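*Asks:* with the input below, show me the fold.
(chains A and B, ligands or ions: 3)
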Amino acid sequence: MVTVDDFASPVRPTWCTGCGNFAIWNAVKRALAQAGLAPHQVMLVSGIGCGSKLPDYTRANGYMTLHGRTVPVATGVRLANHHLRVVCTHGDGDAYAEGLGHMLHAARRNIGLVDIIQDNRIYGLTKGQYSPTSDRGRVSKTSPWGSFELPVNPIALALAAGATFVARAWSGDLQHLTETIVRALGHRGYALIDVFQPCVTFNRQNSYEFYRPRVYKLQDDPDYDVTDKMAAFAKALEWGDRIPIGVFYQVEDRPAYEEQVPSLQAGPLALRPLEKLRPEQVQRLLEEVM
Amino acid sequence: MQSQLNDLSIRIGGEAGMGLESSGVGFSQALVRGGLHVFGLPDYHSRIRGGHNFFTVRIARRPLYSHTEPVHLLLALDQETVRRHIGALVPGGAVVYDEKDGLPDIPRRSDVHYFSIPLSKLAEESGGNAIMRNTLVFAVAAGLIGFDPTYIESVARDNFARKGQAVVDSNLRVIAAGVEASRPFQADFPFRMEAAPGAPRRLLLNGNQAFAMGALAGGCRFVSGYPMTPGSPVLEWMAGHAEEYGVVTLQVEDEIAALCMAIGAGYAGVRAMTPTSGGGFSLMVEALGLAGMTEVPVVVYEAQRPGPSTSLATRTEQGDLLFVLHASQGEFPRIILAPGTVEQAFEVGWRAFNLAERYQTPVIVLSDHYLATSIRDVAPEDLDFDAVVIDRGEWLTEAELDNLEGDYKRHQFTESGVSPRAIPGHPKAVHASSSDEHDEYGHIEENAENRRRMHEKRMRKLETARAEMRLPAAYGLNDADLTLIAWGSTYGPLREAVDRLNEQGLRAQMLHFTDIWPVPHGTEALLTGETIAVEGNYSGQFADLLRMATGHTVSRRILKWDGRPISPEYITNHVLRFTNHRKSET
Ligand SMILES: Cc1ncc(C[n+]2csc(CCOP(=O)(O)OP(=O)(O)O)c2C)c(N)n1
Ligand code: SF4
Ligand SMILES: [Mg+2]
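*Replies:* Numbers count the residues shown, from 1 in each chain, chains lettered A, B, ... in the order given. Ligands and ions are numbered 1, 2, ... in the order given. Now for the predicted structure:
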């Protein structure tokens, strides 16, 4: 039996007291244990940012890569060894600024990743500049007049890109966050979970107090159909006094990318012995250029 | 009077979309089947229709390593071809042009022949489509040089078989019509190159194909890329062979993703690479450092073209050497290999993966448009599949992992700098590595002493690797007065230039470097006497690199940066100018 303690790392988190990353970290460990995945069966891939340090604080295979490049590295890991459950944990700057293109392509590729975005709507590690999910008008050191851009809508973008699992959760509800990750771990393709993660140091606006009265769970409505894309789009555009969380969209009828690759039908590449070409294979290659 | 030549070049020219290269390659195949040796060089514009394209096939009775400048027979599918290339014809040479095109309004050369043949009309009548004049005109060429057309027929049969018998038949009729049309002119054309029947079969391929084959033989199983001339054919070739050989290939959103995916695959234990050109490599720079920092084996195939930015997209240059040597912030070990021939491209293809895994660091293979796209015949045994070794470097076996005490140290301090690998998946191999500076386990660590030791450990791998870097290949006289230094694709032209210089009594040798970085031990001792660097770039980057690494300053540099390959003549002319100049000084 896998337990949360199996994921205990000797390294202590350096996050600020009260940071929303603690809940995400705990939820990831709980969800993996609940899904029966042991540390060696998992690969946590992150980028650079406060949230991206999560793999260092977790005993599991991990790879802390470059700012914005979490998803392509994770894609390579997954295609090399699809027996590893690959989970990405990275910030909103990592995922939606430098990494936005990769996110959209991962969604349309339907590569089997669980992509958890630690969305504090600010740049934490670089000390408080506005981010792609910051509200328009956010004043920060790099936006002294208030930012002029609209925030990105990750849920709508992922839906438009063809994602087969799109969800939102938040650090203030560990139980719901854990359940959402467990559900994503059971999904066959690309699963995006945008997690509202309060940053107590640099983002006073989007605090626990801001979210708690506003969020409501989509799955509380028994009639909400997660396979209805138009309904998901409508919910994705909902913002203001009421903010939906939960699974917006989930379909299991589209094969994951790796399921379609002919060369992966015989099992993971990484686990196959690497041998020299056989004489008849060499002969065939030579015939091609005679 | 007709003479059997030992060396003859045929050039076909026209617009993009006329099928010059495909028919040129087919004709070259026929020549090789007929026991002759060829070197085929495409020259095309970065556009799909129009523009002026040409393909030159050089033919000889001895193995060829290079193209050369004189042309004996010009096959003109438009007036522009005559206008541009009539000057390249040797005296006695000929131009074959389509009667319907006529000749451009330029002065006629009195020392070359003009053969007007209704190419389009004959192609239409015999094959049903005027576009087939590309095949027809090569049959004309075969007739003129006295080359047995049955070899062209055999290639047509093989290459068109999958399109059905009707297509094969129409091609055979076109070939017959072409040979027939050449008859009235055969007596006037002075050069002959008859087939040498009964020769053993040989291969015909370009550097991209040879490299891809070597990589596949060396166990490359993951290729991610974004199309860019001249690197993308490697991705295409791998995709074409993926299913049969168990390779995963994918075309991704950009070159950043391409290298990052290959790194992810390498981290997970698969031999991975990405092919590109300089522009794509520019996007990969940060990820290259990630591979260096986290000690992930990965291979980047960088087929150079002129830069900066888009420059001449379909042409050649060796201008990226110092860029790939220094690309990325900070310092880390990297290995750079630059094959010069089809045979070397094949060997580098598999060696690159061994080096990447033995030293757990990125290996860059520097090719260029010239090597990547020019075709040459080699013997089947020249692609030495028997010599292929798959050496994965230091690994912890299952048993060693089972008995491992304590946690696995992915970045263990060792004397060689190489830390034994364990691929993620084994319960005892659990680890997380980081692009931040890290300790032996991979945990983020900012301590100064750890940084110093970890940085030294990584850099030590460069010294360990240096011991197995190969010294340059020497060719020519070993007690030469003149040492011409080349790297990568200039091998062929320089080899031939050295032969010609020695024929003229100049006492020359070539030193050709395939292993570029780290510079092999013992290089300095070879750099004696008068040294001349020959490079396809503006500044002589390899000469600068040699000075940096060995302190040796080359005496002279022969350089070229017009996007066109260096020819043997280009080199000999420069060398003779230097030596004549010196004579006049003394
Ligand atoms: C290529 C590159 N650009 C910039 C940086 C600097 N940088 C590090 S983290 C970061 C932003 C962090 O924001 P986010 O991804 O939202 O993560 P958070 O710290 O908020 O968790 C930036 C800009 C970098 N490391 N690499
Ligand atoms: S700066 Fe914000 S995101 Fe970073 S650790 Fe502190 S609270 Fe968390
Ligand atoms: Mg952030």
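
*Asks:* contacts only, for residue 267.
*Replies:* Here I'm looking at chain A. A:His83 (Cβ atoms under 8 Å, 6 or more residues apart in numbering or on different chains). (C-beta placed from N, C-alpha, C; glycine too.)

*Asks:* that's the wrong chain, I meant chain B
*Replies:* Going by Cβ under 8 Å, 6+ apart, the list of residues near B:Tyr267 reads A:63, A:73, A:76-77, A:80, B:294, B:296, B:424, B:433.

*Asks:* ok, 10 Å please
*Replies:* A:43, A:45, A:61, A:63, A:65, A:73, A:76-77, A:80-81, A:270, B:290-291, B:294-298, B:421, B:423-424, B:433 (Cβ atoms under 10 Å, 6 or more residues apart in numbering or on different chains).

*Asks:* please apply the same query to B:Leu404.
*Replies:* Contacts of B:Leu404 (Cβ under 10 Å, 6+ apart): B:396, B:422, B:426-429.

*Asks:* A:Asn153 too?
*Replies:* A:Asn153 touches A:96, A:133, A:159-160, A:194, A:236-237, A:239, counting by Cβ under 10 Å, 6+ apart.

*Asks:* give me phi/psi at it?
*Replies:* Dihedral angles of A:Asn153 (phi, psi; degrees, to the nearest 10) stand at phi -110, psi 90.

*Asks:* quick one: it from ligand 2, how far?
*Replies:* For A:Asn153, the distance to ligand 2 equals 21 Å [Cβ to the nearest ligand atom, to the nearest Å].

*Asks:* how about B:Gly50?
*Replies:* 56 Å.

*Asks:* grab the most central residue of the chain for me.
*Replies:* With no chain named, the answer covers chain A. A:Asp115 (1.6 Å; Cα atoms, centre = their mean).

*Asks:* the chain in question should be chain B.
*Replies:* B:Leu371 (2.2 Å).

*Asks:* tell me if the stretch of helix or strand that one belongs to is near chain A.
*Replies:* Taking DSSP states H and E as the definition, B:Leu371 sits inside helix B:369-373. No: using Cβ under 10 Å from any Cβ of the partner chain, we find that helix B:369-373 stays clear of chain A, coming within 14.5 Å at best.

*Asks:* and the next element down the chain from that helix?
*Replies:* strand B:375-378.

*Asks:* which residue would be the closest one in chain B to ligand 1?
*Replies:* B:Glu286 (6.1 Å; Cβ to the nearest ligand atom).

*Asks:* contacts only, for that residue.
*Replies:* Counting by Cβ under 10 Å, 6+ apart, B:Glu286 touches A:66-69, B:256, B:259-260, B:327-329, B:435.

*Asks:* try it again with 8 Å
*Replies:* A:66, A:69, B:256, B:328-329.

*Asks:* doesn't the residue nearest to the centre of chain A belong to a strand?
*Replies:* Yes: counting by DSSP: H, G, I helix; E, B strand; the rest coil, A:Asp115 is located in a strand.

*Asks:* any idea of the mean pLDDT for the helix or strand harbouring B:Lys121?
*Replies:* Assigned by DSSP H and E, B:Lys121 belongs to helix B:119-127. Helix B:119-127 carries an average pLDDT of 97.

*Asks:* alright, calling it a day.
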